[in-house]
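>>> sharing a model prediction with you, sequence too.
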Amino acid sequence: MDSYVELSAIETTRWSIEWGIAELVNHPEIQKKLRDELDTVLGPGHQITEPDTHKLPYLQAVIKESLRLRMAIPLLVPHMNLHDAKLGGYDNPAESKILVNAWRLANYPAHWKNPEEFRPRRFLEEESKVEANGNDFRYLPFGVGRRSCPGIIVALPILGITLGRLVQNLELLPPPGQSKLDTTEKGGQFSLHILKHSTIVAKTRSF
């Protein structure tokens, strides 16, 4: 079981890193704002570490927005009720397979302002109280409660350090001749991937 959890956490984190990079490439103004925060808070020459991630609200907002718009497991992990249950007026026989459309909850126009936009600032403004740990049922990238994904303790620090160091040291650009990356989605059994992977340009920054 531990090996399964570890593998799942690694795979979904990798997919989330890919989505985060793609969105930063396609939104250079957001990439610049994140780089400015890293430079201002950490200073030149200080490579981001895990404790630093908690001092960087815009980085946290970028991660949250990536997980909201590009949720790696949009239906979460299937659950099963052991006994007959009633939910929302519906009868659920014992051993029913329960799927939660977490992506829809996080992209529902009635509950989110312009949900189709990649806009990290929403998590610093109107959604500043929302966290990835399930404190708001509109936003459940790791599920919630006793059966929530334990990979959250691995994924969030890795996302912060990886995206942070990339943006600290490199300017992430689309391939030559292209203005944006193709972010068409490809669905797996339960996962959401980028359909066409691209080779981006990573330009070394001059400090």
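Here it is on my side, so go on.
>>> check which residues of stretch 183-203 are buried.
Residues of stretch 183-203 classed as buried: 183, 192-194, 198, 200 (neighbour count, 16 or more other Cβ atoms under 10 Å). For the C-beta atoms, the positions are set from N, CA and C on the backbone; glycine is no exception.
>>> need the nearest residue in space to Tyr58, chain neighbours excluded.
Glu37 (4.5 Å; Cβ to Cβ, 6 or more residues apart in numbering).
>>> which two from the buried residues of stretch 183-203 end up farthest apart in space?
Leu192 and Ile200 (19.7 Å; Cβ to Cβ).
>>> so Ile158 sits against Thr13, correct?
Yes. The pair Ile158 and Thr13 qualifies as a contact (Cβ atoms under 8 Å) at a distance of 5.3 Å.
>>> re earlier: any chance of the buried residues of stretch 183-203 in TSV, plus secondary structure and pLDDT?
Shown next, in TSV, are these (DSSP: H, G, I helix; E, B strand; the rest coil; pLDDT from 0 to 100):
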residue	secondary structure	pLDDT
Thr183	coil	94
Leu192	strand	85
His193	strand	85
Ile194	strand	90
Ser198	coil	87
Ile200	coil	95
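>>> return the member of these nearest to Phe142.
Nearest to Phe142, judged by Cβ to Cβ, of the buried residues of stretch 183-203 is Leu192 at 14.6 Å.
>>> is the closest one in a bridge, and if so with what?
On the basis of DSSP bridges, Leu192 is bridged to Gly187.
>>> for Glu6, give me the pLDDT.
Each residue has a pLDDT score; the one for Glu6 is 45.
>>> err, Gly188, not the other one
According to the model, Gly188 scores 74 on pLDDT.
>>> kindly report the same for Pro157.
96.
>>> roughly how far does it sit from Gly164?
Computed as Cβ to Cβ, to the nearest Å, the Pro157 to Gly164 distance reads 10 Å.
>>> what about the helices in this protein?
2-26, 28-42, 50-53, 57-69, 102-106, 152-169 (DSSP state H).
>>> from Leu195, how far off is Gly188?
Separation of Gly188 from Leu195 (Cβ to Cβ) stands at 11 Å.
>>> nearest residue to Leu24 other than its sequence neighbours?
Gln31 (4.4 Å).
>>> and the one you found, how many residues sit next to it?
22 (other Cβ atoms under 10 Å).
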